[in-house]
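**Student:** One predicted model, sequence on top.
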Amino acid sequence: MYKIHPRILAFILVLAISFLPLVNFVRAQEESPSGPVYIVQEGDTLWDIAQRFGIPWLDLARENGISDPGQLSAGDEIVIPGIEGIGDVLVTNPIPPGENLRSLSRSLQLPEDTITKLNHLTSPAELFVGYDLVLPESNLPGSELERFALANDQSLLELSIVNGVNPWSIVTENNLDGMWTLVPGDVLYLKNTDALPGPGGFPPGIAALEISPEPLVQGKTTLIQVTSTEKMELSGALLDYPLNFFESGDGEYVALQGVHALTEPGLYSIVIEGMLESGVPFGFNQNIYLSPGDYTYKSLQVPPETVDPEVTVPEDKSWNALANPVTPEKLWQGIFENPVAPSECGFTDTFGHRRSYNGSPYNYFHTGLDFCYNYNNEVNEIYSPADGVVVFAGPLVVRGNAVMIDHGWGIYSAYMHQEEILVEEGETVETGQVIGIVGQTGRVNGPHLHFEVWVGGVQVDPLEWLEKAYP
């Protein structure tokens with residue numbers, strides 16, 4: 001029998017032992033994920049996830065050994081192949097108002113290219129308010145970041161001296177090429193456990209930005225609130241309408257703007273810009289989604305002269321112009337009161353329905369809320385829902401006997417088809433004051449009150465103002 005020399009046997013054993021860690025290492029490498037891990041969210045499908053990361057869904061299924069895509073459940077962990085340099089768990093976070101690609105990159109300490117790759121972005125404009133942004137879990141936004149911003153004619157060195165920080169720390173932590181790359185208003189970050197939270201795209205004087213509703217809705221009132229720790233000048237634009245901000249106390253600035261009921265759903269830009277009292281300028285542009293209002297369609301027969309463009313166009317033009325001026329004084333308080341006495345019949349029509357007149361295309365919509373004529377009342381009086389000033393009181397072809405009241409801050413209410421008008425232009429009215437009698441003048445099929453609310457030159461759903469108090 002052949003015998004192995006003891007020295008040779010010892011050499012083989014040493015060699016085998018030395019390879020064991022390597023074998024285990026290779027096996028561990030083979031078993032480790034080939035990309036970051038994504039946590040499946042409620043409502044996610046394999047197709048949705050593949051689309052989000054820009055990879056074929058079959059590759060995603062193959063990488064994770066998924067034979068039945070229908071078995072995917074919220075909370076499952078799946079590996080995303082093809083994304084190199086990220087071995088973290090990926091989570092989804094909606095983008096709040098006041099953030100953009102640059103502010104997110106700096107606050108998360110994550111290169112813009114990495115955010116773009118993770119979310120398969122083709123343009124920074126895709127990061128609209130509420131967008132579900134995929135991020136590594138270890139880079140989630142925190143509250144331990146202090147914001148800095150250059151004032152006009154201020155250098156980074158001066159900013160650093162004023163705030164007692166190292167200028168090179170700002171350069172390093174914000175991935176800047178140098179001190180000379182900054183412009184006034186540019187927002188920067190440093191770690192600070194005592195930092196105050198706030199929208200990342202704005203300088204530190206601005207503590208909060210809120211937009212409601214989110215997303216926007218056709219025919220609804222949009223409320224924009226900016227909270228600041230110092231006085232400031234503020235302006236902006238939404239859907240090509242100027243935003244008029246008013247200070248409402250405690251450092252809060254408010255703008256109210258209506259969304260036209262016929263505006264096509266999609267992404268639209270909201271712009272907010274201004275200057276803090278400390279001399280720091282700011283300008284921010286972010287997209288926000290406009291969702292449909294889910295309005296129905298109705299066809300009506302009316303007297304031909306009330307849809308004749310020679311009549312309707314000039315009347316619409318002069319009527320719409322009444323609601324454009326913005327009075328800086330707020331005249332109303334709280335919820336608007338009902339403009340008529342309560343009745344069992346309620347509304348004969350609500351806001352926003354697409355309308356066809358005498359077989360026309362559905363190019364019209366119902367611009368207000370119709371209150372029924374209460375036949376149980378001897379007189380159907382119309383009341384002012386809030387304090388204001390009458391800016392129009394007179395007869396029109398389409399609207400009949402009509403009244404419009406200015407409530408300040410770009411808010412107006414209007415009352416049409418009246419039998420009798422009981423106020424005059426220029427008159428100051430109070431909440432609950434009788435301003436007219438319900439009738440059937442103008443383009444009508446029966447007696448009722450057509451009640452409108454205008455916000456920023458746009459008709460909006462009056463029910464909002466009868467159910468909710470706007471600041």
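**Tutor:** Thanks, I have the structure now. Source: prediction; values computed, not measured. Numbers count the residues shown, from 1 in each chain.

**Student:** got a list of what the closest residue to Ser343 other than its chain neighbours touches?
**Tutor:** Take Ser343 and drop its neighbours on the chain: the residue closest to it by C-beta to C-beta, 6 or more residues apart in numbering is Asn374, 4.2 Å away. Bear in mind the C-beta positions are built from the backbone N, C-alpha and C, glycine included. The neighbourhood of Asn374, defined by C-beta atoms under 8 Å, 6 or more residues apart in numbering, consists of 340-341, 343, 345, 380.

**Student:** okay, and the helix or strand of this structure with the least pLDDT?
**Tutor:** Least confident helix or strand of the chain, by mean pLDDT, DSSP states H and E, is helix 6-31 with a mean of 40.

**Student:** Downstream of that helix, the next helix or strand is which one?
**Tutor:** Once the chain leaves helix 6-31, the next helix or strand it forms, by DSSP states H and E, is strand 37-39.

**Student:** what packs against that following strand?
**Tutor:** Contacts defined by 3 or more C-beta pairs under 8 Å, 6 or more residues apart in numbering; DSSP states H and E place strand 37-39 against strand 77-79, strand 89-94.

**Student:** Show me the domain layout of the chain.
**Tutor:** Here the domain parsing of the chain from automatic domain parsing is 37-139, 145-291, 297-467.

**Student:** Now do the end-to-end distance for the first one.
**Tutor:** End-to-end span of domain 37-139 (C-alpha to C-alpha, to the nearest Å): 14 Å.

**Student:** same deal with the last one?
**Tutor:** Its first and final residues considered, domain 297-467 spans 25 Å by C-alpha to C-alpha.

**Student:** any idea of the mean pLDDT in it?
**Tutor:** For domain 297-467, mean pLDDT is 95.

**Student:** again with the second one
**Tutor:** In this model, domain 145-291 has an average pLDDT of 91.

**Student:** If we go by neighbour counts, what in stretch 326-334 is buried?
**Tutor:** Neighbour-count burial for stretch 326-334 flags 327, 330-332 (criterion: 16 or more other C-beta atoms under 10 Å).

**Student:** quick one: which of those is nearest to Thr181?
**Tutor:** Of all these, Lys330 has the smallest distance to Thr181: 43.2 Å, by C-beta to C-beta.

**Student:** Let's verify Asn320: helix, strand, or coil?
**Tutor:** When the structure is reduced to helix, strand and coil (DSSP: H, G, I helix; E, B strand; the rest coil), Asn320 reads as helix.

**Student:** phi, psi of the closest residue to it other than its chain neighbours?
**Tutor:** Closest residue to Asn320 in three dimensions, ignoring its sequence neighbours and counting by C-beta to C-beta, 6+ apart: Gly457, at 7.3 Å. With angles defined as degrees, to the nearest 10, Gly457 shows backbone torsions of phi 80, psi 20.

**Student:** for the residue nearest to Asp186 when sequence neighbours are not counted, what are its contacts?
**Tutor:** Setting aside the residues directly before and after it, Asp186 is nearest to Leu150 in space (C-beta to C-beta, 6+ apart), at 5.9 Å. Residues in contact with Leu150, defined by C-beta under 8 Å, 6+ apart, are 156, 159, 182-186, 280.
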